[in-house]
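1. this is a predicted model, with the sequence first.
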There are 2 protein chains.
Amino acid sequence: MKFALTILGVNSATPAHERFPTAQVLQVQHQYFLIDCGEGAQSRMSQFGIPRQKIQHIFISHLHGDHIFGLPGLLFSFGLNDRKSAVHIYSPDGLEEMITALLRPMEAILPYPLYFHVLPAGKSSLAFENELLTVTTIPLQHRIPTVGFLFREKERPKNIRPEKIAEYSLSIPQILAAKNGEDILPGDGRIVPNSELTIPAPPPRSFAYISDTIYDESIVPLIKEVDLLYHEATFCQDLAEYATATKHSTARQAATIAKMAGAGQLVIGHYSSRYQSVEPLLNEALTIFSKTVPGVEGREYEVPYVS
Amino acid sequence: MKFALTILGVNSATPAHERFPTAQVLQVQHQYFLIDCGEGAQSRMSQFGIPRQKIQHIFISHLHGDHIFGLPGLLFSFGLNDRKSAVHIYSPDGLEEMITALLRPMEAILPYPLYFHVLPAGKSSLAFENELLTVTTIPLQHRIPTVGFLFREKERPKNIRPEKIAEYSLSIPQILAAKNGEDILPGDGRIVPNSELTIPAPPPRSFAYISDTIYDESIVPLIKEVDLLYHEATFCQDLAEYATATKHSTARQAATIAKMAGAGQLVIGHYSSRYQSVEPLLNEALTIFSKTVPGVEGREYEVPYVS
């Protein structure tokens, strides 16, 4: 029942200091979701043991090169590996035209279906839903249309108290009904309240991905109490003016958002190439929010399963 | 007076076994020429100490993804590094449209001039010329329009024999005339033949890049006596039929071309991902052409300067 983020690339703009441009993978149980796809993402996945053929859904925050230039190679490689299962890409408008223009001259008839889903950039909307989770967009303020993503597990059924099965001789349908929150009528006229039969399910786990953005407190309500928060932290606070001018955030600002949201943990990243060491960024964030960890390529950030 | 090739990526189709897709840099004295630009080429340049800002001319053999997907990131990074000097890209038709489609949505107004030069793919032509060298295309037979490249140093002036300067009291203009092949009249009625005054300049050095191609003996006259030959060797000979079907070459075929051309040295590459070790490819080539070396990323292949 894994719920874990792996960072593939954590540098901003261009590769530097052995750091790759932005890309991440969220594993939810046996499913893998790719979030942004900077140049080299496919190599990083091989290196870090991520089974890239299992990726069916790709979420792109915006169409700046350092977040998408790994896509053509990945899609091309999927084809070369004779992939048959569909790939879905979710992004602000314009990506399909870019990818199509790239693949056309190389006679690349992909052996798998490729679907582009356009996300509205100015408002929060449901981008994706399956049996395990929902993905909701978070409108961000950057130089071009940009969204973040909130990945949230679906509510799980309640757990039945084993001793109650014997006590009331519960049938399978009664057990399922109880797990779904219903009270039970054992047949002797009594009503056994659901609270006696079950223990509540653990709360759904969540991850919020705040890609390139200016400091923006309006996102806080959308990521309230998130378990794991990735927030870009391109600069230190001494460059706050430059951050604002380029519509990026400082480490201090990222930590402030994490604190206001009551996040369980903050992972910072999208480091400017001017920082060979990320220590200054980390230390700055830690003064505001003690549960900050640095984004490091190849490192896994797990939200534990509470059974 | 360096003339050396550095391999940046040597795998075919997709990254595998820590090998990157195709890219190379040829250094001729203080100038650097990029030849094909697979995904990750810019990272490899940083890693191997190639000064990427010095690259002004990029030669692209064909528009398959594993030869070009590193271009968007490199061009984007040039811009981020506030490059001002022009970049010239030489390729078969269609690349400009691909790159333009990619850069448009990201509001990327490059701070440097970017020029695309379209190369005719069906015939040999002069692609580039400057004070140091010429670059001539070599038509190749692949699945889409493809060219190889012959880099050839220009003729250097002859070297004057120092003792002759004193013997004939040669003036500076006389020395320059002799270096350019003229006989000298010292003024006493004699004619001193140029052969007495000079030693011939060393022959110009050359490198031929034979990108993706079916086995094709018609290229041999174009690369006759080349000092350094890179020839793709995607498969071993047991897959010769498959190589022909996909318009690639085997290691044995690459070595045969090198032997027929009388190359000084053969570097093989563009290895299929099925070969985790390139030993079988190297050994096969060595049975035909003993001066074969394997293409290895980060390795430099120098053609010595004969003074």
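-> That came through fine.
2. quick one: low-confidence ranges for the stretch 101-250 of chain A?
-> A:105-108 (pLDDT under 70).
3. residue of it closest to chain B, please.
-> Chain B sits closest to A:Ala101 of the stretch 101-250 of chain A, with a gap of 3.3 Å, by Cβ to the nearest Cβ. C-beta coordinates here come from the backbone N, C-alpha and C atoms, glycine included.
4. residues near whichever residue of the stretch 151-300 of chain A sits closest to chain B, how many?
-> Nearest residue of the stretch 151-300 of chain A to chain B, counting by Cβ to the nearest Cβ: A:Ser273, 8.4 Å away. Neighbour count of A:Ser273, defined by other Cβ atoms under 10 Å in any protein chain shown: 17.
5. likewise for A:Lys179?
-> Residues near A:Lys179, counting by other Cβ under 10 Å: 17.
6. using the three-state scheme, assign the residue of the stretch 151-300 of chain A closest to chain B.
-> coil (DSSP: H, G, I helix; E, B strand; the rest coil).
7. same question for the one 10 residues further on.
-> Under the three-state scheme (three-state DSSP), A:Asn283 adopts helix.
8. any idea how far B:Glu297 is from A:Glu123?
-> No, residue A:123 isn't Glu; it's Lys. 46 Å (Cβ to Cβ, to the nearest Å).
9. next: A:Arg19.
-> 19 Å.
10. neighbour count for those two, which is higher?
-> Higher neighbour count among A:Arg19 and B:Glu297: A:Arg19, with 23 against 20, using other Cβ under 10 Å.
11. residues in contact with that one?
-> Contact analysis of A:Arg19 by Cβ atoms under 8 Å, 6 or more residues apart in numbering or on different chains lists A:Gly9, A:Val10, A:Asn11, A:Tyr271, A:Glu297.
12. for PyMOL, what selects the buried ones among those?
-> Here is the PyMOL command that selects the buried residues among the contacts of A:Arg19 (16 or more other Cβ atoms under 10 Å in any protein chain shown):
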select buried, chain A and resi 9+10+11+271+297
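13. sitting in strands, which of the contacts of A:Arg19 do you find?
-> A:Gly9 (DSSP state E).
14. tell me which of the contacts of A:Arg19 is nearest to B:Pro304?
-> Among these, A:Asn11 lies closest to B:Pro304 (Cβ to Cβ), at 38.6 Å.
15. pLDDT value on that closest one, please?
-> Note on A:Asn11: pLDDT of 95.
16. ok, the one 5 residues further on next?
-> At A:Ala16, the pLDDT value in this model is 89.
17. not counting sequence-adjacent ones, nearest residue to it?
-> In space, A:Ala16 comes closest to A:Ser273 once its chain neighbours are excluded; the distance is 3.8 Å by Cβ to Cβ, 6 or more residues apart in numbering or on different chains.
18. over to A:Asp212?
-> A:Asp212's closest residue in space is A:His142 (Cβ to Cβ, 6+ apart), at 4.5 Å.
19. where does that neighbour sit, in terms of helix or strand?
-> For A:His142, there is no host helix or strand (DSSP states H and E).
20. check contacts around it.
-> Contacts of A:His142 (Cβ under 8 Å, 6+ apart): A:His62, A:Ser211, A:Asp212, A:Thr213, A:Ile214, A:Lys247.
21. residues near the second one, how many?
-> Which is A:Ser211. A:Ser211 has 26 nearby residues by other Cβ under 10 Å.
22. what sits closest to it if chain neighbours are left out?
-> A:Ser61 (3.5 Å).
23. surely the one you found and A:Asp212 touch.
-> Yes. Using Cβ atoms under 8 Å, A:Ser61 makes contact with A:Asp212 at a distance of 6.9 Å.
24. which residues do the two both contact?
-> With Cβ under 8 Å, 6+ apart, A:Ser61 and A:Asp212 have common neighbours A:His67, A:Leu140, A:Thr146.
25. was I right about A:Tyr271 contacting A:Cys236?
-> No. A:Tyr271 is beyond contact range of A:Cys236, at 10.1 Å (criterion: Cβ under 8 Å).
26. how about the residues of the stretch 51-200 of chain A by chain B?
-> A:63-66, A:69-70, A:72-73, A:76-77, A:80-81, A:94-95, A:97-98, A:101-108, A:143-144 (Cβ under 8 Å from any Cβ of the partner chain).
27. just the buried residues of the residues you listed.
-> A:63-66, A:69-70, A:72-73, A:76-77, A:80, A:94-95, A:98, A:101-103, A:105-106, A:108.
28. next step: these restricted to helices.
-> A:Gly65, A:Asp66, A:Pro72, A:Gly73, A:Phe76, A:Ser77, A:Leu80, A:Leu95, A:Met98, A:Ala101, A:Leu102, A:Leu103 (DSSP state H).
29. export these as a markdown table, with columns for distance to B:Glu131.
-> Shown next, in a markdown table, are those (distance: Cβ to Cβ, whole Å):
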| residue | distance to B:Glu131 |
| --- | --- |
| A:Gly65 | 34 |
| A:Asp66 | 37 |
| A:Pro72 | 36 |
| A:Gly73 | 36 |
| A:Phe76 | 38 |
| A:Ser77 | 41 |
| A:Leu80 | 42 |
| A:Leu95 | 44 |
| A:Met98 | 39 |
| A:Ala101 | 37 |
| A:Leu102 | 36 |
| A:Leu103 | 39 |
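30. show me which of the residues you listed is closest to chain B.
-> Using Cβ to the nearest Cβ, those come closest to chain B at A:Ala101, 3.3 Å.
31. so what's that closest one closest to, chain neighbours aside?
-> B:Ala101 (3.3 Å).
32. which residues does the one you found contact?
-> A:Glu97, A:Met98, A:Ala101, A:Leu102.
33. can you name the two of these that are farthest apart?
-> Longest span within these, Cβ to Cβ: A:Glu97 and A:Leu102, 9.9 Å.
34. which neighbours do A:Tyr271 and A:Cys236 share?
-> Jointly contacting A:Tyr271 and A:Cys236 under the rule Cβ under 8 Å, 6+ apart are A:Leu281.
35. looking at A:Ser61 and A:Asp212, which has the bigger crowd around it?
-> Using other Cβ under 10 Å as the criterion, A:Ser61 and A:Asp212 rank with A:Ser61 on top: 30 against 27.
36. fine, thanks again, bye for now.
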